[in-house]
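**Student:** Here is my input; please provide its structure:
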Amino acid sequence: MPFDEVLEPYFALLGYMTYSYAMLEHGISVAIVAIHHHHGGRAIKKELPRTQFQRKIEYLRAVAPHIPAIGPNLAGVMNLADRAEAVAKDRQLFIHGTPTDFHAEGAVTMNKLDVTKLDNLFEITDRKVTFAELTAIADEASGLANFALDFASHMIRDDQQQLIKHSRGKDPG
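**Tutor:** Just a heads-up that it's a prediction; the model follows:
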């Protein structure tokens, strides 16, 4: 496949992955804000992570088991955290890596150079992935985003219903 014919579908897939991942991170952010401010998360962890996806996932894992309103959704929330972490790792390579080779069968080899924790050593990641696999990763992020946003909406609705219930019990005068 000629290089110029590969670029358009490749960049389209990167756009889809970027958008899907952004929606996933947004859904998780909305959910942890609802948990933190309205469902007792602040009592468990004082700081609400506003940046760094990994910190948001760690917050969700640490706090979710202690929030009664999550109850029957706990397994789904923990699964969301696990799967979102895996998608984030893939996204890191494909968004921040460099395509080093495009293959005729509709695949790309990505290369990413990272500084290790020792600061003077480098780790190189090379991974060949088909466009179908890239699409599956973006689809996974999109599905997780839908779950995260549905969960966040459930947490917000539950909070609103509690406020309505509480306000109806009060004497307005």
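**Student:** now the strands: where do they sit in this structure?
**Tutor:** 98-103, 107-115, 122-130 (DSSP state E).
**Student:** hey, which of the ones you listed is tucked in deepest?
**Tutor:** Each of those was scored by mean neighbour count; the highest is strand 107-115, a mean of 16, by mean count of other Cβ atoms under 10 Å. Every C-beta, even on glycine, is put in place using the N, C-alpha and C of the backbone.
**Student:** Now do it: which elements does it pack against?
**Tutor:** helix 74-96, strand 98-103, strand 122-130, helix 131-168 (3 or more Cβ pairs under 8 Å, 6 or more residues apart in numbering; DSSP states H and E).
**Student:** Averaged pLDDT, that strand. What do you get?
**Tutor:** Taken as a whole, strand 107-115 has a mean pLDDT of 86.
**Student:** Name every strand pairing with that strand and say which way it goes.
**Tutor:** Sheet partners assigned to strand 107-115 using DSSP bridges are listed as strand 98-103 (antiparallel), strand 122-130 (antiparallel).
**Student:** Make a markdown table from those strands and add distance to Ser153 and mean pLDDT to it.
**Tutor:** Shown next, in a markdown table, are the strands paired with strand 107-115 (distance: least, Cβ to Cβ, whole Å; pLDDT from 0 to 100):
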| stretch | distance to Ser153 | mean pLDDT |
| --- | --- | --- |
| strand 98-103 | 37 | 87 |
| strand 122-130 | 33 | 86 |
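**Student:** Let me have those in a markdown table, extended by distance to Ala64.
**Tutor:** A markdown table is the format used below for the strands paired with strand 107-115 (distance: least, Cβ to Cβ, whole Å):
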| stretch | distance to Ala64 |
| --- | --- |
| strand 98-103 | 36 |
| strand 122-130 | 31 |
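**Student:** give me the beta-bridge partners of Phe102?
**Tutor:** Under the criterion DSSP bridges, Phe102 forms beta bridges with Val108.
**Student:** quick one: contacts for the nearest residue to Val33 once chain neighbours are set aside?
**Tutor:** Distances taken as Cβ to Cβ, 6 or more residues apart in numbering place Leu48 nearest to Val33, at 6.9 Å, with adjacent residues excluded. Residues in contact with Leu48 (Cβ atoms under 8 Å, 6 or more residues apart in numbering) are 32-33, 36-37, 41-42, 59.
**Student:** Give the buried subset of the residues you listed as a PyMOL selection command.
**Tutor:** Here is the PyMOL selection string for the buried members of these, based on 16 or more other Cβ atoms under 10 Å:
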select buried, resi 32+33+36+41+59
